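**Student:** Please find the sequence and the predicted model below.
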Amino acid sequence: MKVDVFDFALPEELIALRPAEPRGASRLMVVHCGGKIEHARFSDLPRYLRAPDILLTNDTRVLPARLRGIRIARSTEARIELLLHRRLGADRYRALARPARKLQPGDRLELNGVPASVAAVEGGGMVEIVFGLAGAALDAAIQAAGEMPLPPYIASKRPADARDASDYQTVYADRVGSVASPTAGLHFTPQMFTALAAQGVERVHTTLHVGLGTFLPVTVEDTDLHRMHSEWGELSAAAAARLNATHAKGGRIAAVGTTSLRTLETATAGKGVIAPFQGETDIFIAPGYRFRAADLLLTNFHLPRSTLFMLVSAFMGLDVMQAAYAEAIRERYRFYSYGDACLLIPSHG
């Protein structure tokens, strides 16, 4: 399909720069099979779930991956910014550097007091960085020195601050490794999980460490030509067994966020059997994809021309999602990472 069909005009004032307060106070648009729309609050979510449904959440934890500092090389100093991408060892990371064009192997860096050096320079601004600390000491230094890697549409409007250290993590974040939050999960509170459990709706975790590809625009003109960046994910044997048991009992799997859904679909065979999974996934879901396991999707409102809007269009139908987003704009829903929630129910029942 042409990427242009996934475009739409969004008023800039609808881009949320802060989340709703308190956590869980956001609005909820519910989109049903055939395009029926309900306007609700996130606190109404239990109305749309029932036993033995199960929530699948992504327990990744966002690394404060943005480091700022200086390059000390060749008798000159220059400001440098790194966005850590993937850990390569106890003392090294692959990172996106800005500006990268003048970096050379051997250049020394001072990043908010953390010493480092450039081990290798790759294309596209990517570099390999070796730190002067390793293991737990490096972890602690990054936690102290790093900033939350807010998406460009927020970071261009304001700097990250102390509030983001909490706001940009889910309440169940556990396994460090993402450079972006699985933002559908930001709406949940312990009280919401208690309410859902009381009516027999369980939850289980998967992990997908969100990579730099989430920030990159689609640059091709046809979706058939797009290639996703790979990300590391895991679905345990115990989680797979619980999800299969839910389907066997007639329950629905509600994926919390596109990251959970992509991991689930990666782990599921053609006949709908969910298997344990650990490794890289570059699954790209666009209209024409046949879903294997996900029954419901809770997500936020996404960027035009993005792979995420393509995914929700595959889940519900492009016409349905175009109409839903037009309605969201008319009704002044808040968009993107800190915005409102959307529950997609593609079948009756």
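**Tutor:** Thanks, I have it. Fair warning: this is a prediction, and the values are worked out from it, not measured in the lab.
**Student:** can I see the domain layout of the protein?
**Tutor:** According to automatic domain parsing, the chain comprises the domains 3-62+166-345, 66-146.
**Student:** between those, which gets the lowest average pLDDT?
**Tutor:** Among those, domain 66-146 carries the lowest mean pLDDT, a mean of 91.
**Student:** Figure out the length between the terminal residues of that domain.
**Tutor:** Start and end residues of domain 66-146 are separated by 5 Å (Cα to Cα, to the nearest Å).
**Student:** ok, now stretch 8-26?
**Tutor:** 23 Å.
**Student:** Now do it: distance to the chain's middle.
**Tutor:** 16 Å (Cα atoms, centre = their mean, to the nearest Å).
**Student:** Can you tell me which of the domains of the chain is packed in deepest?
**Tutor:** For the domains of the chain, the largest average neighbour count (mean count of other Cβ atoms under 10 Å) is found in domain 3-62+166-345, namely a mean of 18. For the C-beta atoms, the positions are set from N, CA and C on the backbone; glycine is no exception.
**Student:** With just CA atoms, put stretch 69-84 into PDB.
**Tutor:** Only the C-alpha atoms of stretch 69-84 are listed here, as PDB (Å, rounded to 0.1, in the frame of the first residue of the first chain):
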ATOM      1  CA  GLY A  69      28.800  16.100  27.400                       C
ATOM      2  CA  ILE A  70      31.900  17.100  25.500                       C
ATOM      3  CA  ARG A  71      34.300  15.500  23.100                       C
ATOM      4  CA  ILE A  72      37.900  16.000  24.200                       C
ATOM      5  CA  ALA A  73      40.100  15.300  21.200                       C
ATOM      6  CA  ARG A  74      42.800  16.800  19.000                       C
ATOM      7  CA  SER A  75      43.200  19.800  21.400                       C
ATOM      8  CA  THR A  76      39.600  20.900  20.900                       C
ATOM      9  CA  GLU A  77      36.400  20.500  22.800                       C
ATOM     10  CA  ALA A  78      32.900  20.100  21.300                       C
ATOM     11  CA  ARG A  79      29.500  19.400  22.700                       C
ATOM     12  CA  ILE A  80      28.200  15.900  22.100                       C
ATOM     13  CA  GLU A  81      24.900  14.100  22.700                       C
ATOM     14  CA  LEU A  82      24.500  10.300  22.800                       C
ATOM     15  CA  LEU A  83      21.400   8.300  22.700                       C
ATOM     16  CA  LEU A  84      22.300   4.800  24.000                       C
END
